[in-house]
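# turn this into a structure:
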Amino acid sequence: MQEYIEGAPHRIKVGCFAGGAAIVLNGFLSVIDVFDVFDEPIYYVVNAYMVFFGVVTMVTESDPSFIQVHETLTPLQKWMHEWAKGLTMLWGRGLFYVFQGLSVRPG
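Residues are numbered from 1 along each chain as shown. Okay, here's the model as predicted:
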């Protein structure tokens with residue numbers, strides 16, 4: 001099973017990319033709700049970080065053919081893989097996704 005996942009079949013990469021996009025959308029919708037800043041400022045900050053983490057997920061899980069077409073993402077993905085080596089390994093991505101899941105505020 002680990003070899004199957006590490007081989008990163010297309011369906012798994014697309015699912016992870018879609019999850020990152022959903023996190024960005026959810027976090028962005030919470031960030032533009034500026035009235036939440038006064039009620040619960042910590043959730044506002046967490047949602048801002050979740051937008052960033054969602055973008056990291058999307059860049060990390062992007063297919064190399066997609067990255068090659070969008071030339072500005074190639075150095076970003078290369079830099080991310082160099083400085084966040086844990087995201088290039090199965091256990092590192094898994095821990096990162098668990099962290100993301102625990103950080104999302106329900107409702």
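# for Val24, what are its contacts?
Met50, Val51, Gly54, Val55, Met58 (Cβ atoms under 8 Å, 6 or more residues apart in numbering). For every residue, glycine as well, the C-beta is placed using N, CA and C.
# make it 7 Å
Neighbour list for Val24: Val51, Gly54, Val55, Met58 [criterion: Cβ atoms under 7 Å, 6 or more residues apart in numbering].
# neighbours of the first one, just the number please.
The number of residues packed around Val51, counting by other Cβ atoms under 10 Å, is 18.
# where does the chain dip in pLDDT?
Filtered on pLDDT under 70, the chain yields the residue ranges 1-2, 4-8, 66-69, 104-107.
# strands of that one, start to end?
In the chain, no segments count as strands under DSSP state E.
# which residues in it form helices?
Assignment of helices within the chain using DSSP state H yields the ranges 2-6, 10-31, 36-39, 41-61, 64-69, 73-83, 90-103.
# would you mind finding the most buried of those helices?
Mean neighbours per residue, mean count of other Cβ atoms under 10 Å, is largest over the helices of the chain for helix 41-61, with a mean of 17.
# helices or strands next to that one in the packing?
Packing contacts for helix 41-61, counted by 3 or more Cβ pairs under 7 Å, 6 or more residues apart in numbering; DSSP states H and E, involve helix 10-31, helix 36-39, helix 73-83, helix 90-103.
# residues contacting the second one, please?
Right, the one you point to is helix 36-39. Outside of helix 36-39, the residues within contact range by Cβ under 7 Å, 6+ apart are Ser30, Tyr43, Tyr44.
# grab the CA positions of that helix and hand them over as CSV.
Presented in CSV, the C-alpha positions along helix 36-39 are these (Å, rounded to 0.1, in the frame of the first residue of the first chain):
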residue,chain,number,x,y,z
ASP,A,36,-15.0,37.6,13.0
VAL,A,37,-11.7,39.4,14.0
PHE,A,38,-13.4,41.1,16.9
ASP,A,39,-15.4,38.1,18.1
